[in-house]
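Asker: Got a sequence here, can you model it:
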Amino acid sequence: MVVGADGAVYVTDSFQPHILKLAPGGNSLEVWATDPGFGGEGPILDGITIGQDGNVYANTFATGLLFRVEMGEGGKAGRITQLKTTPGFEHPDGMRAYGKNGLLVVEGANAGRFDIIELNGDNAEVKTVKSGFKQPVSVWQIGNTAWVLEGQLATLFDPPEKRGKPGPFRAYAVELPR
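Answerer: Prediction:
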């Protein structure tokens with residue numbers, strides 16, 4: 001989820017092709033944006049953030065897609081555009097805005113990468129900063145450091161006989177390029 005400048009909360013629905021919104025002072029989530037491209041098998045919509053341009057960005061975990069939802073008049077959802085990611089990415093998860101035209105994103109599951117995405121119109125260049133993480137699920141920026149958080153989703157979603165005992169949860173400090 002992400003909180004807009006006006007206090008609205010935007011949430012991805014990982015099992016429906018919807019971005020939900022809780023308006024300031026509201027008491028229930030409502031469908032804010034929906035698109036057939038948000039759909040697919042397995043967990044779909046996942047990471048969400050608001051870029052410096054004021055638009056909402058969301059990724060799809062199972063299909064590795066990135067979308068921009070233009071912020072319309074009065075906070076309504078505007079045009080939805082699937083961005084062309086190069087070289088593409090695998091199981092994107094947690095995402096944050098970064099600088100004027102960028103996003104920080106982790107690639108979860110077996111990909112195990114932390115990336116910076118440079119946005120240029122409808123193109124999104126994925127640049128891996130560091131790899132080797134075990135199921136990263138989120139990223140947060142403090143100053144010139146990105147904190148990559150590992151999750152243990154297999155302990156939640158694998159069948160009980162495959163889960164095993166969870167190990168320690170870890171957060172890794174990664175210096176951001178200047």
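Asker: Tell me, how many residues neighbour Glu73?
Answerer: Neighbours of Glu73 under the rule other Cβ atoms under 10 Å: 6. Bear in mind the C-beta positions are built from the backbone N, C-alpha and C, glycine included.
Asker: phi, psi of it?
Answerer: For Glu73, the backbone dihedrals (degrees, to the nearest 10) come out as phi -50, psi 130.
Asker: Which residue of the chain lies farthest from its centroid?
Answerer: Glu161 (30.0 Å; Cα atoms, centre = their mean).
Asker: after the one helix or strand Tyr57 maps to, next one along is what?
Answerer: Secondary structure assigned from DSSP states H and E places Tyr57 in strand 56-60. Past strand 56-60, heading to the C-terminal end, the next element that is a helix or strand (DSSP H and E) is strand 65-71.
Asker: Please report how far Leu45 lies from Phe89.
Answerer: Distance from Leu45 to Phe89, counting by Cβ to Cβ, to the nearest Å: 15 Å.
Asker: Give the helix, strand or coil label for the residue lying closest to Glu125 once chain neighbours are set aside.
Answerer: Taking Cβ to Cβ, 6 or more residues apart in numbering, and ignoring the residues beside it in sequence, Glu125 has Glu118 as its nearest neighbour in space, at 4.6 Å. With DSSP: H, G, I helix; E, B strand; the rest coil as the basis, Glu118 sits in strand.
Asker: what packs against the lowest-mean-pLDDT helix or strand in the chain?
Answerer: Every helix and strand in the chain was compared by mean pLDDT, DSSP states H and E; the lowest is helix 154-157, with a mean of 71. Using 3 or more Cβ pairs under 8 Å, 6 or more residues apart in numbering; DSSP states H and E as the contact criterion, the elements in contact with helix 154-157 are helix 160-163.
Asker: Which positions within the helix it packs on qualify as buried?
Answerer: Along helix 160-163, no position meets the burial threshold by neighbour count (16 or more other Cβ atoms under 10 Å).
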